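Novice: Just the structure for this:
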Amino acid sequence: MPIIDAHGLARTFTSRRRSVEAVRGVDLAVQPGEIVGFLGPNGAGKTTTLRMLTTLLRPTSGTATVAGSDLLRDPVGVRRRIGYVPQAIGVTAGGTDPNCLVGEELAIQGRLYRLSAAQAAERARLLTDQLELTGLEQRLCKTLSGGQRRRLDIALGLIHSPVVVFLDEPTTGLDPQSRSNLWDHIRGLREKLGTTVFLTTHYLEEADALCDRVLVIDHGKIIAEGVPDELKRRISGDVVTLSVNGDQSRATAILGRHPGVREISADGRAIRMTVEHGEEALPGMLRALDADGISMASIQLARPTLDDVFLTLTGRSLRDDSPQGGAAPDPDDDHALTGAGRS
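Specialist: The predicted model follows:
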């Protein structure tokens, strides 16, 4: 049974001047123990969907169950069983009081979730060890590095032992080493604590490195989902570039007839093809060229990226923050919109 199960989830922001359909009927299911990435540019409906699933924003329509509780009928039940780590924007941003001690922050968060003092202390010890915060308990939060602050934010979201945790842009603003370190800890949430992880990210390599499955949202709708490698192959294909010794036009015609070739173009001596399962198709291509007396000068096989997938689906980069083609604007850009939240 899915730990997150949403059907027709939608959210419209309204004002006296206009209405914006930020999310337009999202269906999604997340299984226990999955790490799922939710991808999309600003304005696509990504964080609005996240805010609905975490009860911070009431859906205009649709239904969902999260961690066994109905999103609309039992939002308190949802909150008791989930963790939520919001975006960290700026040097001291996050869920912490900069003038509070790390240990105090964890203890207070545990008591807010009605843990006893002993239970909160035990969870804090477990999480400081799991997230490499041991020895920092007596440090002021404002003295922590960016990576340490983000790990503390995650610890705060896990203090009550949630079955699922929502991470909104967890590594934004971190240096590459801190980002890689945090990836290891996010993997550990599932491997060591059994936590289901639902995360949003703008870093394509992050989704590739962490996620069992990705969901791509654009214009308020999910437009693709799947295992990253399978999604890249299915939607974008592999890119094969050949240079030949001989008649390029004849080589292009031969290769264009080969099974699995989706697109082919020639530029100078190079022939560029989009091919399904490039490593499997290459031997047959080379045999066909050799049979016609055409020899190879060079060959290159390139794997697609998740950005290639997004470009194929939408015609724009995942990191393109400018809404295009009728994309819903980010509600934060219009403070007159009722209940606006960053999407």
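Novice: so where's the protein shaky on pLDDT?
Specialist: 88-95, 314-343 (pLDDT under 70).
Novice: Who are the contact partners of the residue of it most remote from its centre?
Specialist: Outermost residue of the chain with respect to the C-alpha centroid, by Cα atoms, centre = their mean, is Gly293; its distance is 47.8 Å. Residues near Gly293 by Cβ atoms under 8 Å, 6 or more residues apart in numbering: Gly246. All C-beta atoms are positioned from the backbone trio N, CA, C, and that covers glycine.
Novice: Work out for me the element it sits within.
Specialist: Assessed by DSSP states H and E, Gly293 sits outside every helix and strand.
Novice: What's the separation between it and Val244?
Specialist: Distance from Gly293 to Val244, counting by Cβ to Cβ, to the nearest Å: 11 Å.
Novice: same thing with Pro98?
Specialist: According to Cβ to Cβ, Pro98 stands 63 Å off from Val244.
Novice: Those two: which has the busier surroundings?
Specialist: Higher neighbour count among Pro98 and Val244: Val244, with 22 against 14, using other Cβ atoms under 10 Å.
Novice: Can you tell me the element the closest residue in space to that one that isn't next to it in sequence falls in?
Specialist: Of all residues not flanking Val244 in the chain, Ala251 sits nearest, at 4.6 Å (Cβ to Cβ, 6 or more residues apart in numbering). Assigned by DSSP H and E, Ala251 falls within helix 248-256.
Novice: what comes into contact with the helix or strand hosting Val78?
Specialist: Under the criterion of DSSP H and E, Val78 resides in helix 75-81. Residues outside helix 75-81 that contact it (Cβ under 8 Å, 6+ apart) are 54-55, 66-71, 113, 160, 162-164.
Novice: quick one: which of these has the most company?
Specialist: Ranked by neighbours (other Cβ under 10 Å), the contacts of helix 75-81 are led by Val66, which has 28 neighbours.
Novice: tell me the contacts of that one?
Specialist: Val66 touches Ile3, Ile4, Asp5, Leu53, Thr54, Val78, Arg81, Ile82, Val164, counting by Cβ under 8 Å, 6+ apart.
Novice: could you measure the third one against Asp292, distance?
Specialist: I take that to be Asp5. Distance of Asp5 to Asp292, computed by Cβ to Cβ: 55 Å.
Novice: out of those two, which sits in the more crowded spot?
Specialist: Asp5 (17 against 13).
Novice: And for Ala107, nearest residue in space, chain neighbours not counted?
Specialist: Closest residue in space to Ala107, ignoring its immediate chain neighbours: Ala120 at 5.2 Å, by Cβ to Cβ, 6+ apart.
Novice: Quick check, the one you found in contact with Ile159.
Specialist: Yes - counting by Cβ atoms under 8 Å, Ile159 is a contact partner of Ala120 at 6.9 Å.
Novice: what do these two both touch?
Specialist: Residues touching both Ala120 and Ile159 (Cβ under 8 Å, 6+ apart) are Leu106, Gln109, Gly110.
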